[in-house]
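**Student:** My questions are about this predicted structure, shown below with the sequence.
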Amino acid sequence: MAYLDNAAGAPLRPEAAAAIRAATDSGLTNPSGAHAAARRARDAIDAARDTVAAALGVDAAGVVFTSGGTEADNLAVGAAGSARTGALVCSAIEHHAVLRPVLAAGGRTVAVTGEGVVDLARLDEALDPKVALVSVMAANNETGAIQPLDEVVAIVRAKAPGAVVHTDAVQALPWMALSGALSPVARCDLVAISAHKIGGPAGVGALATRGVPVRPLLLGGGQERGRRSGTPNVTGILAMAAAMRAATEQRADEVARVRALRDRLEEGLAEAIDGVTVSAAGAERLVGHCHLTIDGVESEALLVLLDEAGIAASGGAACASGALDPSHVLLAMGATPAQARSGLRLSLGWATTASEVDKALDVVPKAVGNLRRHSRRIGAGVL
Ligand code: PLP
């Protein structure tokens, strides 16, 4: 199989698998307790917290471990309520983990350009001193378009100085440095990440906070300094930290290797298939993302053929049912509903090989050709 759905979830890295085995073998359990076993678990979590804090450029006390990116985003949106009351604003292309809580709280969205990048003039117009939180993702999960966070932060500080800036860095994490002077993510007040996008396990993530009080979603035993009750997922947290260490060490090599593979894939498909548009082609994009719209081809039908031929891809964002609604990201970029149903996301990751790309270059054009022949025959009344 060619696994080209890394943006949905990357395979477990060997370093993360080793951390899971080590945590399991050493019997790490609940870190809340007054005995040696609990202390060992606590020490292990503290070390993992240091790793995550360093990668995200915050103090260890600013890291809240969560059950994944969705919880981290929801926690971030809720944090605005403890900072102050006021309007919530997010870009129109946020993942539903941000979009839904923002809209549920009566918030509003800001338009993006045709390249899938938040429209800075519209953001400027949307802000006033009553805004409590602005959320703009570091990079989009469907197109890979990297968002201009430096400019976003500057506009928020000027127009809504009391507002908290949140960024969903779930997709950016494998490819971009999230700490250090050169990283715009480091200038945001809240940063959400998820382990399974970098080769850690699903079901664990974190919210990094820079001095922003967090209003807990879960009340209970007061773990994570009262910000997230519930016994922490010790094994998952250690595996996430191991995946983050590996991803950070290997990032420069992986970025160069994967960019070359992605470019070869994208150029090859654009050449072999008529009516292909590379989404967000004019924007700076994450190196692992190849997102196309293909004239007259519905993603749902194409994905079935690709699956049969051994290619794992997606139409855009994965949702619980696997069903494909027209993509809200493509619609926000100005696509028609038909175009918004014709997305194909091939996403590469740390484990992607050249032969997987070769396979996609062979199979995708054939599958598109078959679908088009089929619909021509239906159109001509032959089928
Ligand atoms: N935010 C973005 C941009 C994502 O791509 C995802 C997952 O696809 C999430 C949030 C949710 O993360 P999780 O699956 O860990 O809940």
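**Tutor:** That came through, no problem. Numbering: from 1, shown residues only.
**Student:** which residues of the stretch 1-150 of the chain score low on pLDDT?
**Tutor:** Residue ranges of the stretch 1-150 of the chain with pLDDT under 70: 81-85.
**Student:** Pull up the residues of it that are close to the ligand.
**Tutor:** 68-70, 73, 95, 97, 137, 141 (CB under 6 Å from any ligand atom). Every C-beta, even on glycine, is put in place using the N, C-alpha and C of the backbone.
**Student:** For the residues you listed, which single residue is the most surrounded?
**Tutor:** Neighbour tally across these (other CB atoms under 10 Å): the maximum, 32 neighbours, falls on Asp73.
**Student:** phi, psi of that residue?
**Tutor:** The phi/psi pair for Asp73 (degrees, to the nearest 10) reads phi -70, psi -40.
**Student:** now it, nearest residue through space, not along the chain?
**Tutor:** Ala97 (3.9 Å; CB to CB, 6 or more residues apart in numbering).
**Student:** Check Gly9 too.
**Tutor:** His196 (4.7 Å).
**Student:** pretty sure the one you found contacts Ser67?
**Tutor:** No - in this structure, His196 is not within contact of Ser67 by CB atoms under 8 Å, at 11.4 Å.
**Student:** more crowded one of these two?
**Tutor:** Comparing His196 with Ser67 by other CB under 10 Å, the one with more neighbours is His196, at 25 against 18.
**Student:** Contacts only, for that one.
**Tutor:** 9-10, 68, 202-204 (CB atoms under 8 Å, 6 or more residues apart in numbering).
**Student:** What strand or helix carries the closest residue to Gly27 other than its chain neighbours?
**Tutor:** In this structure, Gly27 finds its nearest non-sequential neighbour in Ala37, 7.2 Å apart by CB to CB, 6+ apart. Taking DSSP states H and E as the definition, Ala37 sits inside helix 36-56.
**Student:** Does anything pack onto that helix? Which helices or strands?
**Tutor:** Packing partners of helix 36-56 (3 or more CB pairs under 8 Å, 6 or more residues apart in numbering; DSSP states H and E): strand 63-66, strand 190-194, strand 205-209, helix 234-272.
**Student:** Give me the buried positions along the second one.
**Tutor:** This means strand 190-194. Within strand 190-194, the residues that count as buried by 16 or more other CB atoms under 10 Å are 190-194.
**Student:** for stretch 101-113, same thing?
**Tutor:** 101-102, 107, 109-113.
**Student:** Test my guess that Val287 contacts Arg257.
**Tutor:** No - between Val287 and Arg257 there is no contact under CB under 8 Å: 9.0 Å.
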